[in-house]
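**Q** coords please:
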Amino acid sequence: MQTDAIRAFVAICDLGSFQAAADTLHLSQPAISKRLATLEQRLGHALFDRVGRGVALTEAGRAYLPHARELLAVLADGQRALDNLGGKVAGPLRLALSHHVGLHRMPDILRAYIRHYPQVSPEVVFLDSEAACRRVANGELEIAVITLPTVADPQLVETHIWDDPMRVFAAHEHPLARSSPVGAAALAEHPAVLPPTESYTYGIVVAALARLGVTVTPRMTSHYLETLQMLAATGIGWTVLPASMHHEELVPVEVRGLALTRRLGVIRHPQRSLSNAAGALLTMLIDERDADRG
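**A** Below is the predicted model of the structure:
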């Protein structure tokens with residue numbers, strides 16, 4: 001079927017090589033190559049340039065990729081709609097979690113979910129929130145539970161589940177810890193270790209400091225908040241973490257006028273049918289939120 005060739009094309013794009021795509025699709029490399037050649041022949045365009053051992057999309061490949069993704073997403077959407085007809089909560093659940101949410105917010109929920117719906121087979125991937133949004137928008141994942149974007153993505157629907165207050169932290173011997181409370185300008189006088197500049201969390205921190213007239217440039221960055229916690233504890237720099245991650249090796253630094261909170265929740269595509277499995281998880285998360293607020 002042509003869809004098999006399209007699936008092979010998208011897998012090569014995502015994984016960067018014919019061999020990795022073959023391994024993922026449980027095919028031989030010659031079989032992957034044959035499927036791609038068939039697709040290129042039907043389209044009348046070469047989709048890849050072979051560069052050494054790697055591959056690079058041609059102009060035609062770049063133009064065709066979003067349409068290939070959309071076709072696969074529509075087919076998956078149709079299959080979910082049919083699977084939902086019986087009302088049974090079963091089958092695969094393609095779910096992305098951000099690292100912090102997965103470690104600190106979801107264990108009890110997933111434990112209860114699996115107990116209630118034993119016929120569901122969760123396929124959980126841990127992704128940065130920004131990457132999770134892209135993959136939900138592309139139709140590769142049904143839902144993701146992440147740090148919500150600071151600016152709503154028009155391609156996605158978001159459901160706010162938790163508020164996540166954040167604080168500045170530093171090692172006990174750090175000058176900021178010894179001087180707390182401090183003015184926001186004091187933060188710029190010392191190195192910082194923060195999430196990457198393209199992350200939603202970094203955007204929240206930078207915007208809050210900008211409102212106080214302060215600009216900071218991080219000495220080091222990491223998507224993993226546990227890594228930032230460790231780096232700050234060594235004294236390399238101050239950091240910003242969820243208040244719930246207060247550790248004995250760190251001191252919360254009171255910064256006058258600075259209020260930091262991020263929103264955690266669920267994103268999904270507004271034009272895709274959620275499987276019964278995904279819908280049940282979303283309902284469980286909303287019930288959890290409402291119980292906490294009630």
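**Q** from here on, contacts and neighbour counts on C-alpha atoms
**A** Noted.
**Q** which regions of the stretch 51-200 of the chain lie under the pLDDT threshold?
**A** Counting by pLDDT under 70, the stretch 51-200 of the chain contains low-confidence ranges at 51-54, 83-86.
**Q** helices along that one, start to end?
**A** 59-83, 99-104, 107-116, 129-137, 175-179, 200-210 (DSSP state H, counting those that start in this stretch).
**Q** tell me the most buried of these?
**A** helix 129-137 (a mean of 21; mean count of other CA atoms under 10 Å).
**Q** quick one, that one and helix 200-210 angle?
**A** When axes from the mean of the first three to the mean of the last three CA atoms, to 10 degrees is applied, the directions of helix 129-137 and helix 200-210 differ by 130 degrees.
**Q** just the CA trace of helix 129-137, in CSV.
**A** C-alpha atoms of helix 129-137 as CSV (Å, rounded to 0.1, in the frame of the first residue of the first chain):
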residue,chain,number,x,y,z
SER,A,129,7.3,20.4,26.4
GLU,A,130,8.2,22.2,23.2
ALA,A,131,8.9,19.0,21.3
ALA,A,132,5.7,17.4,22.7
CYS,A,133,3.6,20.3,21.3
ARG,A,134,5.2,19.8,17.8
ARG,A,135,4.5,16.1,17.9
VAL,A,136,0.9,16.5,19.0
ALA,A,137,0.4,19.1,16.3
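**Q** circling back: in TSV: the helices of the stretch 51-200 of the chain, plus distance to Val10.
**A** Putting the helices of the stretch 51-200 of the chain into TSV (distance: least, CA to CA, whole Å) gives the following:
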stretch	distance to Val10
helix 59-83	7
helix 99-104	26
helix 107-116	30
helix 129-137	13
helix 175-179	49
helix 200-210	27
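**Q** quick one, which of these is nearest to Thr239?
**A** helix 200-210 (10.1 Å; CA to CA).
**Q** what's the distance between Arg263 and Pro242?
**A** As judged by CA to CA, to the nearest Å, Arg263 and Pro242 stand 11 Å apart.
**Q** and Gly78, by the same measure?
**A** Per CA to CA, Gly78 is found 40 Å from Pro242.
**Q** repeat that for Pro270.
**A** In terms of CA to CA, Pro270 sits 30 Å off from Pro242.
**Q** neighbour-wise, which of these two wins?
**A** Neighbour totals were compared for Pro270 and Pro242, and Pro242 leads with 17 against 13 (other CA atoms under 10 Å).
**Q** spatially nearest residue to that one (excluding sequence neighbours)?
**A** Excluding the flanking residues, the one nearest Pro242 by CA to CA, 6 or more residues apart in numbering is Met166, at 4.1 Å.
**Q** what about the one you found, neighbour count?
**A** Neighbours of Met166 (other CA under 10 Å): 19.
**Q** what sits against it?
**A** Counting by CA atoms under 8 Å, 6 or more residues apart in numbering, Met166 makes contact with 240-243, 259-262.
**Q** are any of those residues buried, and if so which?
**A** Among the contacts of Met166, those that count as buried by neighbour count (16 or more other CA atoms under 10 Å) are 240-243, 260-262.
**Q** ok, the contacts of Met166 vs Val205, which is closest?
**A** Distance to Val205 across the contacts of Met166 (CA to CA) is lowest for Leu260, with 6.9 Å.
**Q** and the closest one, what does it touch?
**A** With contact set as CA under 8 Å, 6+ apart, Leu260 has these partners: 165-167, 204-205, 208.
**Q** cool, and Tyr224?
**A** 99-100, 195.
**Q** between the residues you listed, which is nearest Gln119?
**A** Comparing these against Gln119 with CA to CA places His99 closest, at 25.3 Å.
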